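Student: Next one to model:
(chains A and B)
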Amino acid sequence: MPMDEIVIVENLVKKFKDVTAVDGISFTIKKGEIFALLGPNGAGKTTTIHIIATLLRPTSGRVFVGKYDVTKDPNKVREKIGIVFQDPSLDNQLTAYDNMYIHGKLYGLRGRELHEKIMKLLEFVDLKEYAYKQVRYFSGGMRRRLEIARSLLHEPELLILDEPTIGLDPQSRAKIWDYIHMLKKEHDMTILLTTHYMDEAEELANRIAIMDHGKIIALGTVEQLKAMLGKDVIYLTLDGNAKEFCEKLIFAKDCNIIGNNRIELLVDNAPRYLPEIFRIALTNGIGIREVSYRRPTLNEVFLHLTGRELRESLEETPSIIQKLPLRWRRSR
Amino acid sequence: MSRDLDALIALIYRQLKRWAVSRSRIISIIIQPLLWIIFLGLGFGTVFSAQNIELSSTINNSTITKYIDPSIIRSILSKYFTAIFGGVDYITFLITGMAAMTAFIGSFISGISVIWDKQFGFLKETLVAPASRKTIILGRIIGDSIINTVQSLIIILLALLITHQINPLGIPIALLYIFMMSLGFTGLGVTISLKFSSMEGFQMIVNLLTMPLMFMSGVFYPINTMPDWMKVIAIMNPLTYCVYGTRYWLAGVKASLGFMNPVTSLIILMLFTAIFATIAMFSFEKTTIED
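Tutor: Next comes the predicted model:
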């Protein structure tokens, strides 16, 4: 087993009664990288993280943290990880300091060393002045910061953050991002995070695994994932038959119909192809009412990969038709 | 090993600290036995007192009063009541039982706090800790039992104001019985609570358990005058031995059944505690967040 891989997940499956939450996923996390599990709610991200953190037993498959198997040596694994759960796990009745203190004791820290570490970390997350305030008076952002500080107290080799910025206001969110950047830069911390925010994964992660329905449907760096869509995406609103028009645009890598006469074109170089598109429209008697193009973000990648599910949600909630593109594969 | 001890102390510290900052909890736990003491104690206290019996209306046949002095009747009745309650008046009898009951009710409250921690996440924090789970849950049980014992002590100290039949020297020994009983029932409460995710479900089970256990323990009335079928339940009820021991050391009450004496009662309580604390430790060992 190579030493630079801190987490190894092999064919992991987790079933809850008749629901399969995680359906045979495999990935590895290298030392010093930030690895993101990106996906909608219910994709199986949190379940995966709970298995890595020894809180759930896998139905099948194997998971190693360091060189320890999570089912055989859970205590060894627990020593190596620090985790911030999606839901708060602080004791609201106690002070910030006491929450840290009890955590330190549970991880075998004591005395002066423990006290100094607590104060240093509270300072790191800008909570030093609130050390002796009860947590129940803290805002959501402060709580999350305290939890991050707490998870770092025992100097874990792997930091796990489950939706670290969910439910936070933009300032708190930016602050959390800053801490994560700092941890990476100054301590070369290995971080596994889950998120359903595309921008968060893009901003923080070295590598991203996109999850949907318990499976990893794509894995790579942001650049690699975006490369799936080529360089540019062109959006057109048409007067006329969108499907037929799509078939005429043979230079496009992919052509998807999104909503009423709107199409999404994947091309290598949008500025060069735009005149071509107008020419084809003119010769076929199709009017173009609106045109725009942009560089693909993870958002486009995600819709590209999970179109099937989005179509289902469209049928149930027609009010979001404008936002969620309905797509067909271009038939060549 | 030293880390496990640290974890044990950390959890005891946590339970005590939480208790110290939640004044409402302290008050509500003490109010309930006080209400029992006031309403049951003062209410029945006068019923079971020879001084308040209106003899002339009870014995209107003047031939009896002609030969026997009413004060003799009073004194016989008075002896009868004291004998029933093992040598003390009813309010002393009740208060000494209440001291045990306060800790008993408190034991199940700590089960509620486990469910609370499940819902508010602190349980997960202890589940991902590398410290032994057995010591984590044991720390919790010990911490809560210390709290329960302190609450009982408060009731006993209040009792000193109400009745003069309590021997202050017996208090430390009585508290030992109460602490033992509390460890056992907290273990039971925690074990049950680990199986429940909702407050309502747990509360239902607890109500089904506490009411019969309370009435079949001799808190409110002596066990030796109970119907036979009730005596059988009382003998199987661990709380009975705590109530007996507490009463014995606080007020010298010896109302007992067969083999019960201060020593056997303590041994039985210790066995009960050992069994239920162990069950709690093993069930926490196997806990995942699935339940």
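Student: contacts and neighbour counts: CA atoms only from here.
Tutor: OK.
Student: leaving aside the residues next to it on the chain, what's closest to the residue of chain A found nearest chain B?
Tutor: Using C-alpha to the nearest C-alpha, the closest approach of chain A to chain B is made by A:S89 at 3.9 Å. Excluding the flanking residues, the one nearest A:S89 by C-alpha to C-alpha, 6 or more residues apart in numbering or on different chains is B:G121, at 3.9 Å.
Student: Isn't that neighbour up against A:Q86?
Tutor: No. Applying C-alpha atoms under 8 Å, one finds B:G121 not in contact with A:Q86, separated by 9.7 Å.
Student: Residue numbers of chain B in contact with chain A?
Tutor: B:2-4, B:6-7, B:10-11, B:14, B:17-18, B:21-22, B:120-131, B:288-290 (C-alpha under 8 Å from any C-alpha of the partner chain).
Student: Next, A:S26: secondary structure please.
Tutor: What DSSP: H, G, I helix; E, B strand; the rest coil gives for A:S26 is strand.
Student: got a pLDDT number for it?
Tutor: Model confidence at A:S26, given as pLDDT, is 93.
Student: Kindly report the same for A:M1.
Tutor: pLDDT, read off for A:M1, is 44.
Student: Verify the stated contact: B:Q151 with B:T102.
Tutor: Yes. Here B:Q151 reaches B:T102: they are 6.9 Å apart, a contact under C-alpha under 8 Å.
Student: higher neighbour count, the two?
Tutor: A count of neighbours by other C-alpha atoms under 10 Å in any protein chain shown puts B:T102 above the other of B:Q151 and B:T102, at 26 against 21.
Student: That one and B:F276: what is the separation?
Tutor: For B:T102, the distance to B:F276 (C-alpha to C-alpha, to the nearest Å) stands at 19 Å.
Student: before we move on, the earlier item: out of the residues of chain B next to chain A, which are buried?
Tutor: Buried subset of those (neighbour count, 16 or more other C-alpha atoms under 10 Å in any protein chain shown): B:3-4, B:6-7, B:10-11, B:14, B:17-18, B:120-131.
Student: Inside helices: which ones of the residues you listed?
Tutor: Judged by DSSP state H, helices contain the following of those: B:3-4, B:6-7, B:10-11, B:14, B:17-18, B:120, B:122-127.
Student: Quick one, which of those has the minimum pLDDT?
Tutor: Out of these, that is B:R3, at 77.
Student: Can you tell me, leaving aside adjacent residues, what's nearest to it?
Tutor: Closest residue in space to B:R3, ignoring its immediate chain neighbours: A:G108 at 4.9 Å, by C-alpha to C-alpha, 6+ apart.
Student: helix, strand or coil for the one you found?
Tutor: When classified by three-state DSSP, A:G108 comes out as coil.
Student: Look up phi and psi at it.
Tutor: Backbone geometry at A:G108, expressed as degrees, to the nearest 10, gives phi 80, psi 10.
Student: Contacts only, for it.
Tutor: Applying C-alpha atoms under 8 Å, 6 or more residues apart in numbering or on different chains to A:G108 gives the contacts B:2-4, B:6-7, B:131.
Student: That one and A:H154, how far apart?
Tutor: Computed as C-alpha to C-alpha, the A:G108 to A:H154 distance reads 8 Å.
Student: before we move on, what about A:D87?
Tutor: According to C-alpha to C-alpha, A:D87 and A:H154 sit 21 Å apart.
Student: higher neighbour count, the two?
Tutor: Neighbours around A:D87 and A:H154, counted as other C-alpha under 10 Å, are more numerous at A:H154. The numbers are 21 against 16.
Student: Does the more buried one touch A:Y107 like I think?
Tutor: Yes. Using C-alpha under 8 Å, A:H154 is in contact with A:Y107, at 6.5 Å.
Student: as a whole number, average confidence for stretch B:249-266?
Tutor: Mean pLDDT, stretch B:249-266: 84.
Student: Please identify the buried residues of it?
Tutor: Within stretch B:249-266, the residues that qualify as buried are B:249-256, B:260-262, B:265-266, counting by 16+ other C-alpha under 10 Å.
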